[in-house]
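In: below is the sequence, then the predicted model.
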Amino acid sequence: MVIDKGLGKNSFMDLMETGSNYIDCVKFGFGTAPLYKTELLLYKINLAKQYGVTVMPGGTLLETAVLQDVVSEFFNTICNLGFNAIEVSDGTIELSRDQRTELIQEGIKNGLKVFTEYGKKISGSLIDAVVLADTLEVDLKAGAELLTIEARETGMGVGVFDEQGECRLNLLDDVLKFVTDTDKLIWEAPLKSQQVLFLNKFGPNANLGNISPGDILSLETLRRGLRQDTFTFGVRTKKEKEKEFFYVI
Amino acid sequence: MVIDKGLGKNSFMDLMETGSNYIDCVKFGFGTAPLYKTELLLYKINLAKQYGVTVMPGGTLLETAVLQDVVSEFFNTICNLGFNAIEVSDGTIELSRDQRTELIQEGIKNGLKVFTEYGKKISGSLIDAVVLADTLEVDLKAGAELLTIEARETGMGVGVFDEQGECRLNLLDDVLKFVTDTDKLIWEAPLKSQQVLFLNKFGPNANLGNISPGDILSLETLRRGLRQDTFTFGVRTKKEKEKEFFYVI
Amino acid sequence: MVIDKGLGKNSFMDLMETGSNYIDCVKFGFGTAPLYKTELLLYKINLAKQYGVTVMPGGTLLETAVLQDVVSEFFNTICNLGFNAIEVSDGTIELSRDQRTELIQEGIKNGLKVFTEYGKKISGSLIDAVVLADTLEVDLKAGAELLTIEARETGMGVGVFDEQGECRLNLLDDVLKFVTDTDKLIWEAPLKSQQVLFLNKFGPNANLGNISPGDILSLETLRRGLRQDTFTFGVRTKKEKEKEFFYVI
């Protein structure tokens, strides 16, 4: 999952043409979606869908709609614009369990994929593995696709990361202890060191989020063992090199 | 005010198409302007003006001209190229008060908007609020539009920022004590934490400078309360949501 | 030498149009080359060559080929695609002196320019000036153009840089003591502070590598003294200002 903080037409075209094979979902981060001219916004949404990439506004936008009591207008507009997914989060506002489930179900009723998020955006917020495990279970039951672990755009100071973006490994171990469906998690991991950590912990296909558009190919080299940090991944797939390696025909 | 460190045609087109509603002025940072092929430079200048965005070379370029004693050539070339503003600064060289006033007036005589700058670029330089207040007054009297507080491209180690880019709050309090026209200041604030700080201190419409092209929409979400860090701004404008919020028609 | 981590068509066009006068070589970093659609990869390679810029895949890709025992397929594909240079490195794998020489000579036999690299990618690796001097001598004798000093994409934690990207000056002094042909070295220097350091140490024309595409014009301003950090360079060339300075005709 890529975070797009405001790419223009040419850059977005580049992103799709270069990276669409390696991207499942693009998020128009926080509340940026309303700031585009409508024509450009429609262009981006349609291009993503043409390339088979799921496209959603940032969770903060829905949180704003909840706070301003315009949730049904939110769904109307999102669907009219052609978004095919949303993020249901409570990074900034408080949502009761019932409100959260309603939003998930409302999304599904509108034909959207729903990604949920766990974690607060305020600096210093940690995660609680037991609550996370419970949230994941209930969200999935309500119809969510995957659950994202909040790390903000910077990867610092919230969730499993400390102020320097280093992982609090004990928190991650707790997650492994209490969460069984770890393949249903998306880890926000904007920093390379974080990407390497999660790929080592959860395997080369781990779901990662808040990836910067400029890092798509770099991340894919990490997944394939085509960079020093995960070079042994490549060794593991040596038997499959005919498929993996572009110059072996 | 955006700092452009060398965008090409496609990226600059993206910047204008996506961000021009949220940009007042674009600066071709430091001495980059002479490094473009003339055709490309003219293209960028004209495009900015078509989008209603003021466009100027970096202050360092004028400082170089002063040092090399080619100030009149500088003004000829800048005007011939179609720039409609300049920055008068002494971040690197020394300028007497009289020289500074002459440069401001020379700019105005040439039909240019003049932005001045206060502060040195050398690491460790602090600001003096009393001198700043005085400089602002004299610069405005000479015809300057606004005065920029130097923070470099990185936002670290000069002006009101320490080596880590944290604000020295006592210096900011001094500014508030001695400067009355704070709406005539542009704060160079390349880091998000700095943007949040100034918006909280001076309001959602505070003039910010040295904004990275990729951060235009992100900054606008901060101004509008569409991001966690300034979410309460959005709450304040709740009454105006019909105008503010794209999905409410 | 620029490191390209995955630019799309529009961005790469921008890079060439804006920066080609200031770029000798572009490297498609680590193992990103195989991740492009072939058409796009060919487009980029051809465009670079049209602009007179040497173009090569990252050294890690050849290291992967060595490890997977597909070196001859590597050379076939690289030449078929139109790359005109390679990097021979052992940042991740071990190469004997003989293997290294063979790879250099194999590159030359295939009509490619060969850049070699000294240094390991693993965090904490330092350089040994005596070994470096020896490697340079043997590499050049084998036909290499230049030798690059490893600093990774981040400029941190390897080679002459510590974990914060600060230069270990004693190591640099050792290099100056033992290496005579310092103009045959390319210093990977992604951070501005590192660029300033090398330009001051080895002169405004020092070979620098792993430069980010967005920093091309900024680096050129440093070389020409059009930025505060190396402003005195401009003063030194004052006599030549007619040639250097765009607005003096």
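Out: That came in fine, so what should we check first? Computed from a predicted structure; not experimentally measured. Residues are numbered from 1 along each chain as shown, chains lettered A, B, ... in the order given.
In: now for the nearest residue to A:Tyr22 once chain neighbours are set aside, how many residues are close by?
Out: Excluding the flanking residues, the one nearest A:Tyr22 by C-beta to C-beta, 6 or more residues apart in numbering or on different chains is A:Glu220, at 4.6 Å. Where C-beta positions appear, they are placed from N, C-alpha and C, glycine not excepted. A count of nearby residues for A:Glu220, using other C-beta atoms under 10 Å in any protein chain shown, gives 21.
In: what of A:Asn170?
Out: Here the number of neighbours of A:Asn170 (other C-beta under 10 Å) works out to 9.
In: then the one 4 residues further on?
Out: Burial measure for A:Asp174: 18 neighbouring residues, criterion other C-beta under 10 Å.
In: ok, A:Leu35 next?
Out: Burial measure for A:Leu35: 21 neighbouring residues, criterion other C-beta under 10 Å.
In: got it, and the one 3 residues further on?
Out: For A:Thr38, the number of neighbouring residues by other C-beta under 10 Å comes to 10.
In: can you check the pLDDT for the residue nearest the centre of chain A?
Out: Among the residues of chain A, the one closest to the centroid is A:Gly209, at 3.5 Å (C-alpha atoms, centre = their mean). Confidence per residue is given as pLDDT, and for A:Gly209 that number is 98.
In: then A:Gly31?
Out: In the prediction, the pLDDT value recorded for A:Gly31 is 94.
In: and it, how far from A:Gln105?
Out: Going from A:Gly31 to A:Gln105 by C-beta to C-beta, to the nearest Å gives 23 Å.
In: please identify which of those two sits among more neighbours.
Out: Neighbours were tallied for A:Gly31 and for A:Gln105 using other C-beta under 10 Å; the higher tally belongs to A:Gly31 (30 against 14).
In: so the residue lying closest to the more buried one once chain neighbours are set aside: helix, strand or coil?
Out: Computed as C-beta to C-beta, 6+ apart, the closest residue to A:Gly31 that is not its neighbour in sequence is B:Leu226, at 2.5 Å. Taking DSSP: H, G, I helix; E, B strand; the rest coil as the rule, one finds B:Leu226 in the coil state.
In: show me the contacts for B:Leu226.
Out: The contact partners of B:Leu226, by C-beta atoms under 8 Å, 6 or more residues apart in numbering or on different chains, come to A:30-32, A:34-35, A:60-61, A:64, B:220, B:234.
In: where's the dip in pLDDT among those?
Out: Across the set of those, B:Gly234 stands lowest in pLDDT, at 73.
In: enumerate the residues of chain A near chain B.
Out: Those residues of chain A that sit near chain B, judged by C-beta under 8 Å from any C-beta of the partner chain, are A:5-11, A:29-37, A:40, A:60-61, A:64-65, A:67-68, A:70, A:73-74, A:76-78, A:91-93, A:121-122, A:154.
In: in helices, which of those residues fall?
Out: Secondary structure defined by DSSP state H assigns A:9-11, A:40, A:60-61, A:64-65, A:67, A:73-74, A:76-78 of those to helices.
In: now, of the residues you listed, which are buried?
Out: Judged by neighbour count, with 16 or more other C-beta atoms under 10 Å in any protein chain shown as the criterion, the buried members of these are A:9-11, A:40, A:60-61, A:64-65, A:67, A:73-74, A:77-78.
In: what's the closest of the residues you listed to chain C?
Out: Chain C has its nearest neighbour among these in A:Asn10, at 4.0 Å by C-beta to the nearest C-beta.
In: and the longest strand along chain A, what does it pack onto?
Out: Counting by DSSP state E, the longest strand found in chain A is strand A:113-118. With contacts defined as 3 or more C-beta pairs under 8 Å, 6 or more residues apart in numbering or on different chains; DSSP states H and E, the packing partners of strand A:113-118 are strand A:54-57, strand A:85-88, helix A:97-109, helix A:129-142, strand A:146-149.
In: between those, which one is nearest to chain C?
Out: Go through these one by one with C-beta to the nearest C-beta and the one that ends up closest to chain C is strand A:54-57, at 17.6 Å.
In: can you give the strand pairings for the closest one, parallel or anti for each?
Out: strand A:25-28 (parallel) (DSSP bridges).
In: coming back round to it: give me the mean pLDDT for the longest strand of chain A.
Out: Averaging the model's pLDDT scores along strand A:113-118 yields 98.
In: what does stretch A:138-147 give?
Out: Averaging pLDDT along stretch A:138-147 gives 98.
In: which other residues reach it?
Out: Residues outside stretch A:138-147 that contact it (C-beta under 8 Å, 6+ apart) are A:85, A:88, A:97, A:100-101, A:104-105, A:107-108, A:113-118, A:132, A:135-136, A:181, A:184-186, A:207.
In: and with 10 Å instead?
Out: Contacts of stretch A:138-147 from elsewhere in the structure, counted by C-beta atoms under 10 Å, 6 or more residues apart in numbering or on different chains, are A:1, A:24-25, A:54, A:85, A:87-88, A:97, A:100-105, A:107-109, A:113-119, A:132, A:135-137, A:179, A:181, A:183-186, A:207, A:209.
In: read off the pLDDT value for A:Pro213.
Out: Reading off the per-residue confidence, A:Pro213 sits at a pLDDT of 98.
In: against A:Val196, how distant is it?
Out: Taking C-beta to C-beta as the criterion, A:Pro213 is separated from A:Val196 by 19 Å.
In: likewise A:Lys109?
Out: Computed with C-beta to C-beta, the distance linking A:Lys109 and A:Val196 is 39 Å.
In: just checking, which helix or strand of chain A averages the lowest pLDDT?
Out: Counting by mean pLDDT, DSSP states H and E, the weakest-scoring helix or strand in chain A turns out to be helix A:241-244, with a mean of 46.
In: of all the ones in helices among the residues of chain A next to chain B, which two lie farthest apart?
Out: Between any two of those, the greatest separation by C-beta to C-beta is 34.6 Å, found for A:Asn10 and A:Leu67.
In: run through the residues that contact the nearest residue to A:Glu150 once chain neighbours are set aside.
Out: Spatially, and ignoring its direct neighbours in sequence, A:Glu150 is nearest to A:Gly119 (2.8 Å; C-beta to C-beta, 6+ apart). Neighbour list for A:Gly119: A:89-91, A:125-128, A:132, A:135, A:147-152, A:158-160, A:188 [criterion: C-beta under 10 Å, 6+ apart].
In: flag the shaky bits of chain A, pLDDT-wise.
Out: Across chain A, the stretches falling below the confidence threshold (pLDDT under 70) are A:235-249.
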